[in-house]
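**Student:** structural data only, the sequence is not supplied:
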């Protein structure tokens, strides 16, 4: 067995092997930390997107409330107007002209409120508040 050569490790070879293994393990641990951090960031981004969508839907719902209120008031006023007109047609003396004009004015105000609510929903609230009336002192 003269030709067979046995490879022997020296302490220096073992130290180099330990350095290489330590660098490889350190790199693997660092990459694993980076992957976990990226996964956490993506989950946080999804949570923020979901929360933003929920808030957007709530804002839309809240912005639609004044319009829904104005439309409901218009329907009530239209029904009241229809009743007064019907009563006036059946018995002209039962409803005065002043009362009929008052109900018609309420109907017009309700229609204007619906238009205003639609405009606010479409264009947003006015940036400038309406002017204050002058004091008559």
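**Tutor:** That came in fine, so what should we check first? Note that the coordinates shown come from a computational prediction; the quantities given were computed from them, not determined experimentally.

**Student:** contacts and neighbour counts: CA atoms only from here.
**Tutor:** Noted.

**Student:** check what pLDDT the residue nearest to the spatial centre of the chain gets.
**Tutor:** The chain has residue 56 as the residue nearest its centroid, 0.9 Å off, counting by Cα atoms, centre = their mean. Predicted confidence (pLDDT) for residue 56: 92.

**Student:** so which residues of this protein form helices?
**Tutor:** For the chain, the helices defined by DSSP state H occupy 11-90, 97-123.

**Student:** for the worst-scoring helix or strand of the chain on mean pLDDT, buried residues please.
**Tutor:** Within the chain, confidence by mean pLDDT, DSSP states H and E is lowest for helix 97-123 among all helices and strands, at a mean of 92. Buried residues in helix 97-123, counted by 16 or more other Cα atoms under 10 Å: 103-104, 106-107, 110-111, 113-114, 116-118, 120-121.

**Student:** also stretch 71-78?
**Tutor:** Neighbour-count burial for stretch 71-78, counted by 16+ other Cα under 10 Å, picks out 71, 73-74, 77-78.

**Student:** and it, how far from the chain's centre?
**Tutor:** From the chain centre to the centre of stretch 71-78 is a distance of 28 Å (Cα atoms, centre = their mean, to the nearest Å).

**Student:** what sits up against it?
**Tutor:** Contact partners of stretch 71-78, identified using Cα atoms under 8 Å, 6 or more residues apart in numbering, comprise 103, 106-107, 110-111, 114.

**Student:** ok, so of those residues, who is nearest residue 6?
**Tutor:** Nearest to residue 6 among the contacts of stretch 71-78 is residue 114, at 97.3 Å by Cα to Cα.

**Student:** where does the closest residue to residue 121 other than its chain neighbours land on pLDDT?
**Tutor:** Spatial nearest neighbour of residue 121, chain neighbours left out: residue 63 (6.2 Å); criterion: Cα to Cα, 6 or more residues apart in numbering. You'll see residue 63 listed with a pLDDT of 79.

**Student:** fine by me, thanks again.
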